[in-house]
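S.K.: Got a predicted model here, sequence first, then my questions.
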Amino acid sequence: MFRITTFTGKIAVLFSVVPMLAVQAAEPESSNWSRFRGPAGTGISSASNVPVEFGPSDVVWKTELPVVGHSSPVEWGDRIFVTGAKAQGESVERHVICVDAKSGKILWDQTAAVVAGETLHKMNSWATPSCVTDGERVVAFFGAGGLHCFDNAGVKQWSRDLGTFPGGWGVGASPIIFEEMVIQNCDAEGDSFLVALNKKTGEEIWRTPREAKPRGGWSTPIVIDVKGHQELVLNGEFGVAAYNPNTGEPLWTCTGFNGRGTPAPVWGHGLLYVVNGKSGDVYAVKPGGRGDVTKSHMAWHTDRRGGRDLPSPILVDDCLVAISMAGIATGYDAHTGEEWWKERLGGNYSGSPIAVGGKVYALAEDGSVMVIKAGKKYELVAKNELGGRSGEIFRSSLGVVGDELLIRSDRTLYRLR
C-alpha cells in the first residue's frame, strides 16, 4: 500500500488493481521480427539464446547502407528490411532496402519516391518509420514521401500519397499490418487521421479523423484483444485512444498528462501502459470502455519527471520499465504504479528497448547496449560496446533474428551472435 496522486490532484490510497485479462504481456504471434518493436509491437522477443555479453568480435557481419535513416530493422525468414533516404539537390530519394539475413548482402535497393525534402527536427530523418512485412510484401512509410508496398523481389505493388505532413518535425509512425489491411497513423499539424488500406491493392478501406492540431505523427499503434473483441490503441499529443481496427470507429479516449505522445503504449496484465513524451505522469488504462474514460478507466498514474521520453516503455513480468532520453531508467510496479527504482544508465537514448528472456536491452545513441534485469530491484547485467565507426548515430530500436541481435545505426546494419 502506498500513496499516489489521483488525476483530481488529491492524495489517495491505492490498495490494488485487479488484472482484467492476461497476467503476462502479450506474446509475440510468430518468431519473425515483422514490424516496429516485434510481432506484437510490445518489444518482447520469444528467442531463448540471445547474447547478453558481446563486443566487436561478435559481429557476424556489418553492412554499409547506401542511404541514411533511423528506421529499425524488421525481419521475416532470411530477409531484413530497412529504409533510408538520400538528398539529390532539393529533392530526397526515399529507399527501401532488402538485406540477406545470413550474409548481410544487399539483395535489392528500390527507390520508393523522389519528392522535395520536408523540414525536419535535427534528431529526425527522412526515413525514420520502420517497415512492416507479412512474409509476402513489405510496406514502408515516408510521410510526405508516401506509403509504398513492394513484394519480396523488390517489385513495387502500389503507392499512396497521404499528404504533406506539415509541422517542421518530420514523421516517425510506422505502419502495421492487421489481417488484410495496412494501418497508418497520419497525425500532423493540419488534417490528422488514421487510415487503413488493402494490403494487396492499396485501396483505402476506412479513414478516421484524429484530434485537432496535434504536433505530429510519431507513435505506432498496437492491436490488443479485449474480452473477445480487438482494439487498435494509439498514443498521441493529447492522450491515448482506441479504435475498432476493422472499421476505424472511435471507441474511447483517455487524456494524458503532458503532450507529444511519441512513445507507443505497451500491454499486459489487462492494462495499457502509457508515457506522454514530455515530462508528466506515467499511467495505466483499462481498455474496453466507451467515450472519455479518463475518470472511469485510468487504473493508476504516478509522477514521472526528468525530461523527455522518446523511447517506448517495456513490460517485463510485473515490472514496467521506462527510459528517458537522458538515460534514466525507472522501474514501476505494473499493478499499482509504485516506483520501485530509478537508475542512470549513462548516454542518450532515442530507440525503444526490447526484452528477451526477462532482460531489457537498451541501445544508446553511441551504439552501446545496456542489459538490465528488471524486477522489484534493479540489476545491471552487462554493458556492451559495439565498436561502431566514429560519428555513427544509433536512434533505431533493436531487432531480433533467430537468437541474434540486429542493430542499425544511421548508416550501418549489424548482426551480432
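M.R.: Arrived safely.

S.K.: CA atoms for contacts and neighbours, from now on please.
M.R.: Noted.

S.K.: hey, where'd the strands end up in the stretch 201-350 of the chain?
M.R.: Along the stretch 201-350 of the chain, counting by DSSP state E, counting those that start in this stretch, strands occupy 204-209, 222-226, 229-236, 239-243, 250-255, 266-268, 271-274, 282-285, 291-292, 298-302, 314-316, 319-323, 328-333, 339-344.

S.K.: Lys86 versus Pro263, what's the distance?
M.R.: From Pro263 over to Lys86 the distance is 27 Å, taken as CA to CA, to the nearest Å.

S.K.: I meant Arg215, not that one.
M.R.: 25 Å.

S.K.: Which one of Pro263 and Lys86 is surrounded by more residues?
M.R.: Using other CA atoms under 10 Å, the more surrounded residue of Pro263 and Lys86 is Pro263, with 26 against 19.

S.K.: Among the strands of the stretch 201-350 of the chain, which comes closest to Glu365?
M.R.: Nearest of the strands of the stretch 201-350 of the chain to Glu365, taken as CA to CA: strand 319-323 at 13.0 Å.

S.K.: ok now that closest one, how far from the chain's centre?
M.R.: 14 Å (CA atoms, centre = their mean, to the nearest Å).

S.K.: relative orientation of it and strand 339-344 in degrees?
M.R.: Angle, strand 319-323 to strand 339-344, by axes from the mean of the first three to the mean of the last three CA atoms, to 10 degrees: 30 degrees.

S.K.: relative orientation of strand 319-323 and strand 328-333 in degrees?
M.R.: Put simply, strand 319-323 runs at 160 degrees to strand 328-333, going by the same axes, to 10 degrees.

S.K.: hey, C-alpha coordinates of strand 319-323 in CSV?
M.R.: The C-alpha trace of strand 319-323 is given here as CSV (Å, rounded to 0.1, in the frame of the first residue of the first chain):
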residue,chain,number,x,y,z
CYS,A,319,7.9,-4.5,-13.8
LEU,A,320,7.2,-1.6,-16.2
VAL,A,321,10.4,0.0,-17.4
ALA,A,322,10.6,3.5,-18.9
ILE,A,323,13.9,5.0,-20.1
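
S.K.: Mind giving me the packing neighbours of it?
M.R.: Packing contacts for strand 319-323, counted by 3 or more CA pairs under 8 Å, 6 or more residues apart in numbering; DSSP states H and E, involve strand 314-316, strand 328-333.

S.K.: if we go to 10 Å?
M.R.: Judged by 3 or more CA pairs under 10 Å, 6 or more residues apart in numbering; DSSP states H and E, the packing partners of strand 319-323 are strand 314-316, strand 328-333, strand 339-344, strand 369-374.

S.K.: Which stretch among those approaches Leu147 most closely?
M.R.: strand 314-316 (27.9 Å).

S.K.: where does this protein dip in pLDDT?
M.R.: 1-30, 212-213 (pLDDT under 70).

S.K.: can we see that at 50?
M.R.: Residues of the chain that meet the criterion pLDDT under 50 lie in 1-29.

S.K.: quick one on the thing from earlier: from the helices and strands packed on strand 319-323, which stretch is densest packed?
M.R.: Most buried of these by mean neighbour count (mean count of other CA atoms under 10 Å) is strand 314-316; its value is a mean of 27.

S.K.: For that one, what is the distance to the chain centroid?
M.R.: 13 Å.

S.K.: Can you list the strands that it pairs with?
M.R.: strand 319-323 (antiparallel) (DSSP bridges).

S.K.: What's the separation between the nearest residue to Lys342 once chain neighbours are set aside and Val74?
M.R.: Using CA to CA, 6 or more residues apart in numbering and skipping the chain neighbours, the partner closest in space to Lys342 is Thr330 (4.3 Å). Remark: distance between Thr330 and Val74 (CA to CA) = 27 Å.
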